[in-house]
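[1] Provide a 3D model corresponding to the input given below.
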Amino acid sequence: MVTNEEFAVHVRRNQRELAARISAPYDFIVCGAGTSGCVVAARLAEDPNLRVLLIEAGCHDESELVQDPNCWPLTLGGEMDWGFVAEGNPQLNGRALAYSMGKGLGGGSSINVSTWSRGHQADWDFYATLTGEETWSYRAVLELYRNRIEKWAGEPDPDYRGKSGTVHVQPAQEPLPFSERLMGAAESMGLARFPNANGRMMEAAGGCALVDETVRDKKRQSIFRSYVYPLMAQPNLTVLTGANVVRVLFDGLRATKVEFDYQGELVTAEAHREIVLSLGAIHTPKLLMQSGLGPAQELQRAGIAPLQTLEGVGRNLHDHVSIASVWASEGDVLGPFPRSQTAIFWKSRPELDSPNFYSYAISGALLTPENASGARLPSDCWTQVIGMRPLSRGSIHLTGAAATDPVRIDANYLAAPQDLTDLVRGLDFARAMGRASALAGFSKHQVAPWSYGPAELAAYIRNGLTTFWHQSGTARMGLDGMSVVDGKLRVHGVEGLRVADASALPRVTSGNTMAPCVVIGERAAEFLREPDAPYGRSSSEASEQSN
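    Numbering: from 1, shown residues only. Model (predicted):
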């Protein structure tokens, strides 16, 4: 039996040999080894007759900062973070927010809080309706989670949870007394308690449960480690790190090659079948525009010859916004680990089709510098980290034609007045939850916000709003004029090019986006391998016919 160490040696040797042969054509090229890209590449490479190239700009994941899920805050601003910064926002009193995104094998799944949140029934059914593709419907996605994705380690729930999938998912381990009390407080607010944070809870108007997490034996199980790494000793899967994609090259309107910087040289790789962009909601639209696909005026300003006008590229940017509600506590009630054990979902307006709010609880005070300066923080406190799906939409813009030219990010938070109204309601709900009798003896008084007067609370929100790093929507699915890809993730107006990451989501799912990005990767691989997919000969077939 091969040991882990022996397998690692074999992987390194194999990948060195494969990297020396990148001039040979591939069947598929996947740009970006984040959550979705890892799934696409792995599912394609399961067929030994297909040659797959997975290109990643970042580094490997062999770091304790990655393996230990409690080290995630230390990755922010480091080499595994792209370190984006959104431009100053007048609605946030001019603040320019850090807009972190995973850079390296596994992408966000290697630096996130390891929370597994599938997305609500209404989210998936909305995508199916918008695209006319039943494969995006909740029932179809539920079967995908059950039959292929999840390896559920909690109490058996055969109608909703899978046991033989690829991703190890477990409920939060060793729940603290405070976590049980916090769920009791949520129940006192009319929210049902569920056996886990997915399954039936993602069909309800709200609820609470222990979080589901991609952690096993206290070690992170990233999507790269779950999907790609076990296949890296195969001769048909090449994984490159430190490779920055410059542009997609076309033969007429068909994507055929990818140009990228690798080890100080400009390299071109050819795809006989298709190219997949999985670079995330910032770099996917950037690469599309650099390749001549995007809004006419945007391309003109950057001096890029347009290949296909797609006005929706880089538009519809959004993610979950975040605001903190901080409470003094009787001692350190949540311990030193910066990950929540509980997930609580609710609506701020009854007419919504799914919860637009969620909250997690962690130790300490997670306040922006602007709000921390106005708070009297006790030695022991905890934070309700509140996330909200906004109505406001931002955009991504080029600053030049070169790959090295940075993008300009207009997050545009609070542009829609309803968002501020909803945030006030969300903080009101969180305050009532924190004051519930179930938390007596654990939670003392609220530290922030320190005033619920309308003017003071609005100022607190404008000074304290941040991101949950769930950037989505900038190459969204659909059939209308502002959509970028169709229901099978094919880029409109060209051939041989698809998008598979959160860029394709018309609206961000309820909760964290790692699990939905796995679904996107699975669906993309299915679409690419359909019998009627419009691609030519595989590399193995071409090789046979040339001999």
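
[2] going forward, measure contacts and count neighbours with C-alpha atoms only.
    Will do.

[3] how near is residue 366 to residue 447?
    Going from residue 366 to residue 447 by CA to CA, to the nearest Å gives 11 Å.

[4] ok, now residue 192?
    Noted for residue 192: a distance of 27 Å to residue 447, by CA to CA.

[5] related to what we said a few turns ago, the more surrounded of residue 366 and residue 447?
    Of the pair residue 366 and residue 447, residue 447 is the one with more neighbours under other CA atoms under 10 Å, namely 21 against 18.

[6] return the set of buried residues in the helix or strand containing that one.
    When elements are assigned from DSSP states H and E, residue 447 belongs to strand 443-448. Residues of strand 443-448 classed as buried: 443, 446, 447, 448 (neighbour count, 16 or more other CA atoms under 10 Å).

[7] quick one, phi/psi of the residue lying closest to the last one once chain neighbours are set aside?
    Taking CA to CA, 6 or more residues apart in numbering as the measure, residue 448 lies nearest to residue 326, with 5.0 Å between them; neighbours along the chain are not counted. Geometry field for residue 326 lists phi and psi as phi -110, psi 140, criterion degrees, to the nearest 10.

[8] contacts only, for residue 326.
    With contacts taken as CA atoms under 8 Å, 6 or more residues apart in numbering, residue 326 has the following neighbours: 365, 366, 381, 382, 383, 384, 446, 447, 448, 449.

[9] just residue 525 next, same as before
    For residue 525, the set of contacting residues under the criterion of CA under 8 Å, 6+ apart consists of 39, 40, 41, 43, 44.

[10] repeat for residue 33
    Contacts here follow CA under 8 Å, 6+ apart; on that basis residue 33 touches 54, 55, 56, 104, 105, 106, 107, 224, 278, 279.

[11] okay, the contacts of residue 326 in JSON lines with pLDDT next?
    Putting the contacts of residue 326 into JSON lines (pLDDT from 0 to 100) gives the following:
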{"residue": "365", "pLDDT": "95"}
{"residue": "366", "pLDDT": "94"}
{"residue": "381", "pLDDT": "95"}
{"residue": "382", "pLDDT": "96"}
{"residue": "383", "pLDDT": "97"}
{"residue": "384", "pLDDT": "97"}
{"residue": "446", "pLDDT": "95"}
{"residue": "447", "pLDDT": "95"}
{"residue": "448", "pLDDT": "96"}
{"residue": "449", "pLDDT": "97"}
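
[12] turn these into JSON lines, including distance to residue 469.
    Formatted as JSON lines, the contacts of residue 326 follow (distance: CA to CA, whole Å):
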{"residue": "365", "distance to residue 469": "19"}
{"residue": "366", "distance to residue 469": "15"}
{"residue": "381", "distance to residue 469": "24"}
{"residue": "382", "distance to residue 469": "21"}
{"residue": "383", "distance to residue 469": "18"}
{"residue": "384", "distance to residue 469": "17"}
{"residue": "446", "distance to residue 469": "26"}
{"residue": "447", "distance to residue 469": "25"}
{"residue": "448", "distance to residue 469": "22"}
{"residue": "449", "distance to residue 469": "23"}
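
[13] out of these, which is nearest to residue 98?
    The shortest approach to residue 98 among these belongs to residue 366, at 14.6 Å (CA to CA).

[14] residue 70 is in contact with residue 339, isn't it?
    Yes - using CA atoms under 8 Å, residue 70 is in contact with residue 339, at 6.9 Å.

[15] ok, these two, which is more surrounded?
    Taking other CA under 10 Å, residue 70 and residue 339 do not tie; residue 339 has more neighbours (24 against 20).

[16] any weak-confidence spans in this protein?
    Low-confidence regions of the chain, defined here as pLDDT under 70, cover residues 533-547.

[17] what's the domain layout of it?
    Taking automatic domain parsing as the domain assignment, the record places the domains of the chain at 4-82+221-317+473-546, 173-210+321-388+414-464.

[18] which one of those is the most hemmed in?
    Each of the domains of the chain was scored by mean neighbour count; the highest is domain 4-82+221-317+473-546, a mean of 21, by mean count of other CA atoms under 10 Å.

[19] returning to that earlier point: for residue 134, state which of the contacts of residue 33 is nearest.
    Taking CA to CA as the measure, residue 278 is the one of those closest to residue 134, at 22.4 Å.

[20] looks like the closest one contacts residue 37 (just checking).
    Yes - under the criterion of CA under 8 Å, residue 278 lies in contact with residue 37, with a separation of 5.1 Å.

[21] contacts for the longest helix belonging to the chain, please.
    Of all segments of type helix in the chain, defined using DSSP state H, the longest is helix 417-434. Residues lying outside helix 417-434 but in contact with it, judged by CA under 8 Å, 6+ apart, are 182, 185-186, 188-189, 325, 327, 348-349, 357, 384, 386, 388, 390-392, 414, 443, 446, 457-458, 461.

[22] and with 6 Å instead?
    When contacts are defined by CA atoms under 6 Å, 6 or more residues apart in numbering, helix 417-434 is touched by residues 185, 390.

[23] how much does that helix deviate in direction from strand 443-448?
    Here helix 417-434 runs at 160 degrees with respect to strand 443-448, directions being taken by axes from the mean of the first three to the mean of the last three CA atoms, to 10 degrees.

[24] on that earlier part again, okay, the buried residues of strand 443-448 in TSV with distance to residue 264 next?
    TSV is the format used below for those (distance: CA to CA, whole Å):
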residue	distance to residue 264
443	56
446	54
447	52
448	50
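
[25] chain center to the helix or strand harbouring residue 276: distance?
    Assigning secondary structure by DSSP H and E places residue 276 in strand 265-277. Its chain's C-alpha centre and that of strand 265-277 lie 24 Å apart, by CA atoms, centre = their mean, to the nearest Å.

[26] quick one on the thing from earlier: mind picking the two most distant members of the contacts of residue 33?
    Looking at these by CA to CA, the two members farthest from one another are 224 and 279, with 14.4 Å of separation.

[27] for the stretch 301-450 of the chain, just list every one of the helices.
    Defined through DSSP state H, counting those that start in this stretch, the helices belonging to the stretch 301-450 of the chain, from first to last, are 369-372, 417-434.

[28] let's have the ones you listed in TSV, adding distance to residue 471.
    What follows is those, written out as TSV (distance: least, CA to CA, whole Å):
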stretch	distance to residue 471
helix 369-372	23
helix 417-434	17
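
[29] among those helices, which is nearest residue 335?
    helix 417-434 (18.0 Å).

[30] pull the CA atoms of that closest one into CSV?
    Only the C-alpha atoms of helix 417-434 are listed here, as CSV (Å, rounded to 0.1, in the frame of the first residue of the first chain):
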residue,chain,number,x,y,z
PRO,A,417,-31.8,52.6,-0.2
GLN,A,418,-33.6,49.3,0.7
ASP,A,419,-30.2,47.8,1.8
LEU,A,420,-29.8,50.4,4.6
THR,A,421,-33.4,49.8,5.7
ASP,A,422,-32.9,46.0,5.7
LEU,A,423,-29.6,46.3,7.7
VAL,A,424,-31.4,48.4,10.4
ARG,A,425,-34.0,45.6,10.6
GLY,A,426,-31.4,42.9,10.7
LEU,A,427,-29.6,44.6,13.6
ASP,A,428,-32.9,45.0,15.4
PHE,A,429,-33.5,41.3,15.1
ALA,A,430,-30.0,40.5,16.2
ARG,A,431,-30.4,42.8,19.2
ALA,A,432,-33.6,41.0,20.3
MET,A,433,-31.9,37.6,19.9
GLY,A,434,-28.9,38.7,22.0
